[in-house]
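*Asks:* coords below, sequence missing:
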């Protein structure tokens, strides 16, 4: 059974956030877009502080990930959960290039991911051709 097949249920807030965090990475890694959609709140907000970009809504968030360039892969190094929040330390790879990232998740009262903040080690200019999905601040 994969992590994505685990139903997130309210045992306690820490458990829900932890399970949602592992499922989030597993679904992204497998490119399971319907599974990821089921894990996200309709009004999910995705912030990328280094590029000052924000994506609002499930459909835009899914499209952003479907269109993200390269053969990228994610691996969980660590998950810490506290209440409805989870912090993930991820290994992100594109080809042979590896970089660590930190992702903060917030879950709703229903156990759905309502906010994602994606931190990378250094600021950078965003890739072209995603202006239709993001706001810059």
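*Replies:* Cool, the structure landed. From a predicted model like this one, the values you see are computed outputs, not experimental measurements. Numbers count the residues shown, from 1 in each chain.
*Asks:* So, low pLDDT: which residues of this structure?
*Replies:* Applying pLDDT under 70 to the chain flags residues 1-13, 123-124.
*Asks:* show me where it has helices.
*Replies:* 13-30, 33-39, 58-67 (DSSP state H).
*Asks:* looking just at contacts, which helices and strands does the first one meet?
*Replies:* Yep, that's helix 13-30 we're talking about. The contact analysis (3 or more CB pairs under 8 Å, 6 or more residues apart in numbering; DSSP states H and E) places helix 13-30 against helix 33-39, strand 72-82, strand 85-94, strand 97-107, strand 113-119. Glycine gets a C-beta too; all of them are placed from N, C-alpha and C.
*Asks:* ok, and for the third one, which residues are buried?
*Replies:* Counting neighbours by 16 or more other CB atoms under 10 Å, one finds that the buried residues in strand 85-94 are 85, 86, 87, 88, 90, 92.
*Asks:* what's the closest of the residues you listed to residue 109?
*Replies:* residue 85 (13.1 Å; CB to CB).
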